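> what follows is a predicted structure for the sequence shown.
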Amino acid sequence: MLINASNLNGLTIRAIDGDLGTVDDLYFDDETWAIRYLTVETGGWLGGRQVLLSPISIVHADWQGLRLDVALTQKQIEDSPEIRTHEPVSRQQEAEFYGYYGYPNYWDGPYLWGPALYPADLTMPVGAPAAEFANQAQQGQSSDSHLRSAKAITGYYLAASDSEIGHASQFIVNDESWAIRYIEVATQNWWPGKKVLISPAWVERVSWADSKVYIAGSRETVKNCPEYNEAMPITRE
């Protein structure tokens with residue numbers, strides 16, 4: 001199912017033995033556009049500490065109840081490696097994180113999630129032996145992370161080959177693969193009131209320095225995209 005990423009913000013994260021907090025942000029890989037982590041605001045029970053959760057841990061999404069259930073305990077979260085979510089997440093920190101939870105490296109394998117196409121295929125029962133995955137997670141730290149904050153990217157101008165075309169206003173996410181399938185572009189600067197969707201496959205690079213997303217194609221190409229009505233569900237057709 002395709003969902004608007006804004007619907008994830010504020011969702012309650014429920015562990016096996018109680019609530020953990022609420023979703024605050026998403027970190028995605030700007031090469032594959034997979035959402036690698038959810039940033040969770042834990043509130044008072046961890047002294048206001050924010051933690052990262054991988055979609056691998058999600059076992060059920062209750063969109064009506066505004067809740068995500070994870071196959072983790074509060075103790076596992078409390079003892080997890082501390083990562084400063086306001087700073088870039090390094091590959092070394094990711095390896096430590098994946099080793100702690102016993103997940104296989106997503107950057108070591110032929111598929112979007114390393115050895116699997118979907119994060120749900122990697123979910124392990126609580127208490128299951130994780131030695132094999134933990135050993136993998138301590139290896140293969142050669143390449144850098146390409147993680148971006150969805151909050152930070154929102155508002156970035158999109159630059160086509162001939163001019164700017166608007167700004168990134170939202171992201172559309174596939175809740176099975178946990179990948180961004182479309183970037184919602186608000187074009188009101190030159191096409192008042194219109195929004196279109198573009199594929200991340202069009203993106204050539206994301207620049208922190210000038211707060212822009214550079215895409216292949218002209219402004220006219222974007223203008224010819226079907227208009228997006230966010231009130232309507234996105235169907236396969």
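Perfect, thanks for sending it. Keep in mind that this is a model prediction, so the values were computed, not measured. Residues are numbered from 1 along each chain as shown.
> any idea how this structure splits into domains?
Domain assignment of the chain by automatic domain parsing yields the ranges 2-148, 154-223.
> what's the first-to-last distance across the last one?
The first and final residues of domain 154-223 sit 20 Å from each other (Cα to Cα, to the nearest Å).
> next: the first one.
The distance separating the two terminal residues of domain 2-148, taken as Cα to Cα, comes to 20 Å.
> how far off centre is stretch 188-203?
The chain centre lies 20 Å from the centre of stretch 188-203; the measure is Cα atoms, centre = their mean, to the nearest Å.
> what does that stretch contact?
30, 33, 158, 164-167, 169, 172, 180-187, 213-217, 219, 222-223, 225-230, 234 (Cβ atoms under 8 Å, 6 or more residues apart in numbering). For every residue, glycine as well, the C-beta is placed using N, CA and C.
> buried ones in stretch 164-180?
Of the residues in stretch 164-180, those buried by neighbour count under the rule 16 or more other Cβ atoms under 10 Å are 165-175, 177-180.
> before we move on, back to that, can you lay out the domains of the chain as CSV showing mean pLDDT?
Below are the domains of the chain laid out as CSV (pLDDT from 0 to 100):
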stretch, mean pLDDT
domain 2-148, 86
domain 154-223, 90
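> middle-most residue in the chain, spatially?
residue 35 (2.3 Å; Cα atoms, centre = their mean).
> that one belongs to a helix?
No: under DSSP: H, G, I helix; E, B strand; the rest coil, residue 35 sits outside any helix and is assigned strand.
> just list whatever residues bridge to it.
Counting by DSSP bridges, residue 35 forms beta bridges with residue 28.
> top helix in the chain by residue count?
Criterion DSSP state H: the longest helix present in the chain is helix 91-101.
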